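>>> my questions concern the predicted model and sequence given below.
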Amino acid sequence: MDSYSLKDGEIEITNEFPDGHMDEFLQGANDSEMGFRLMAHSFPYPYTEEDALAFINKNRESGNEMFEIDFYIMYTNRLAGVIGLSDIDYENSRAHIGYWIAKDCRNKGVGRRALSLAIQFAGEKLKLNSLYTKVLTFNIPSIIILTRNGFTIDGISRYCFRYENKFYAAFIFSLLL
């Protein structure tokens, strides 16, 4: 896979894992609420170095076509999170977008600016027409990040995520590029 890097001031997103930042990656990912917030039962807790290496080294291409790309978010030379495009559908010109930001890097504009860079990449490099995602209805910081980047709520998916025997609803967001 080719290397990509985009910058906005002190924010950079890169698809190459930055050397010397494994401890920061593990610290950010080792959040007991991360799998819940991401609506991802597959996000492990505790998050081990083996989990990180499996994520970093996973295949994201089929032949010459990228079906997924993850960017590491750097904030003032610190690994602050991950943002990625998955389920890239070239025929329908769309992809899912998802992200997580380490607790100590939240509320600093990191997520908003990283999302803006990923949107730029999706439109300019991948030539996609739209992006979509889901966010738990009470995840106000993520809702703000999305709406400030032009995403709109298309609807609500009720009882779509089960966690600890309780069901949760999520807003469905999309953005036309």
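Structure's in. What do you need?
>>> CA atoms for contacts and neighbours, from now on please.
Fine.
>>> strand partners (parallel or antiparallel) of the helix or strand encompassing residue 95?
Residue 95 belongs to strand 94-101 when assigned by DSSP states H and E. Applying DSSP bridges to the sheet, strand 94-101 is found paired with strand 78-89 (antiparallel), strand 130-136 (parallel).
>>> residues contacting the first one, please?
Counting by Cα atoms under 8 Å, 6 or more residues apart in numbering, the neighbours of strand 78-89 from elsewhere in the structure are 18, 21, 24-25, 28-29, 66-74, 94-102, 105, 110, 114-115, 118.
>>> buried among those? Make that a PyMOL selection.
Restricted to buried positions by 16 or more other Cα atoms under 10 Å, the PyMOL selection for the contacts of strand 78-89 reads:
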select buried, resi 25+28+29+66+67+68+69+70+71+72+73+74+94+95+96+97+98+99+100+101+102+105+110+114+115+118
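>>> if we can go back for a sec, mind checking the pLDDT average for the strand holding residue 95?
Throughout strand 94-101, pLDDT has a mean value of 98.
>>> output it as CSV - backbone C-alpha positions only.
Extracted C-alpha coordinates of strand 94-101, given in CSV (Å, rounded to 0.1, in the frame of the first residue of the first chain):
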residue,chain,number,x,y,z
ARG,A,94,-18.9,5.4,-0.7
ALA,A,95,-17.1,4.2,2.4
HIS,A,96,-17.7,3.9,6.2
ILE,A,97,-15.6,6.3,8.3
GLY,A,98,-14.7,5.7,12.0
TYR,A,99,-12.3,7.1,14.5
TRP,A,100,-11.2,7.1,18.1
ILE,A,101,-9.3,9.7,20.1
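>>> I'd like the next helix or strand past it.
Sequence order places helix 110-124 as the next helix or strand after strand 94-101, per DSSP H and E.
>>> residue contacts, residue 163?
Contacts of residue 163 (Cα under 8 Å, 6+ apart): residue 36.
>>> what pLDDT does it get?
In this model, residue 163 is scored at 96, pLDDT.
>>> for it, give me phi and psi.
For residue 163, the backbone dihedrals (degrees, to the nearest 10) come out as phi -140, psi 130.
>>> ok, now how distant is it from residue 132?
From residue 163 across to residue 132, the span is 22 Å (Cα to Cα, to the nearest Å).
>>> before we move on, what about residue 141?
Following Cα to Cα, the distance that separates residue 141 from residue 132 is 17 Å.
>>> between the two, who's got more neighbours?
Remark: of residue 141 and residue 132, residue 132 carries more neighbours, 19 against 12, as counted by other Cα atoms under 10 Å.
>>> got a list of what the more buried one touches?
Shown in contact with residue 132 (Cα under 8 Å, 6+ apart): 94-97, 172-175.
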